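In: this one's sequence-less:
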Ligand code: GTP
Ligand code: MG
């Protein structure tokens, strides 16, 4: 899929104030600093569309970007940022949870995982929560340029084994590097395939 147009529409903390045109949306979530905003910029080809930062906790709102006048990319805040404090983390988690549970337009939630790490408790709990709430999701391993291919494979194998302890099937899995501009096409193709199945005017 070619992204011809990507425009920022609205930011807020309340799912009830999100766009009401019924277009399908694809949201990106994951721990703070995992690379959500950078990935959105790579997918859209618009540097600076989503605010990325080396300081974790940059995105604190639900941000809607309209793509090709037909579907939305949604940049969500990251969960689990330690320096935000317990109360701060709860507020952000509440924003994420209310968005994913209330938005009927949410067509697929991309959960981003940093490929450098062993399976993290907070991510596994979040994925379990998605299963319990029937949220359709896919996984994207980010920052693949930061370690060798064999180390990526090793870490991903650990994640898969962990997932298969509680899931019968694995979700779709993607790999991206915004530094090397890799993996974006596959994510966009996946979105395009789903868009063909949902009505878009
Ligand atoms: P919050 O909004 O704070 O939750 O963070 P985020 O998940 O949106 O992360 P963001 O895109 O702001 O990126 C965090 C840092 O990781 C930035 O310094 C990015 O440049 C860097 N980064 C993101 N993706 C990649 C990648 O694929 N490769 C490398 N090398 N760095 C990356
Ligand atoms: Mg961000």
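Out: Done, it's in. Model, not experiment: these values are computed from the prediction. Ligands and ions are numbered 1, 2, ... in the order given.
In: count of residues packed around residue 19?
Out: Applying the criterion other Cβ atoms under 10 Å, we find 14 residues in the vicinity of residue 19. Yep, even glycine has a C-beta here, placed from its N, CA and C like the rest.
In: wait, it sits on residue 9?
Out: Yes - using Cβ atoms under 8 Å, residue 19 is in contact with residue 9, at 6.0 Å.
In: overlap in contacts, these two.
Out: Among the neighbours of residue 19, those also in contact with residue 9 (Cβ atoms under 8 Å, 6 or more residues apart in numbering) are 64, 66, 72.
In: quickly find the element holding residue 108.
Out: Element membership of residue 108 [criterion: DSSP states H and E] is strand 106-114.
In: doesn't residue 145 lie inside a helix?
Out: Yes - in this structure, residue 145 lies within a helix as judged by DSSP: H, G, I helix; E, B strand; the rest coil.
In: I figured it hits residue 176, correct?
Out: No - with contact defined as Cβ under 8 Å, residue 145 does not count as touching residue 176 (9.4 Å).
In: the more surrounded of those two?
Out: Regarding residue 145 and residue 176, a neighbour count based on other Cβ under 10 Å identifies residue 176 as having more, with 26 against 14.
In: just give the number of residues close to the closest residue to the more buried one other than its chain neighbours.
Out: On the basis of Cβ to Cβ, 6 or more residues apart in numbering, the spatially nearest residue to residue 176 that is not a chain neighbour turns out to be residue 183, at 3.4 Å. Residue 183 has 20 neighbouring residues, counting by other Cβ under 10 Å.
In: give the contact list for residue 183.
Out: If a contact means Cβ under 8 Å, 6+ apart, then residue 183 has 140, 144, 174, 175, 176, 177 as its contacts.
In: so which of those reach ligand 1?
Out: When Cβ under 6 Å from any ligand atom is taken as the criterion, the members of the contacts of residue 183 that contact ligand 1 are residue 177.
In: would you list the contacts of residue 183 in JSON lines and tack on pLDDT?
Out: Putting those into JSON lines (pLDDT from 0 to 100) gives the following:
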{"residue": "140", "pLDDT": "98"}
{"residue": "144", "pLDDT": "98"}
{"residue": "174", "pLDDT": "98"}
{"residue": "175", "pLDDT": "98"}
{"residue": "176", "pLDDT": "98"}
{"residue": "177", "pLDDT": "98"}
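In: who wins on neighbours among the contacts of residue 183?
Out: Top of the contacts of residue 183 by neighbour number is residue 176, holding 26 neighbours under the definition other Cβ under 10 Å.
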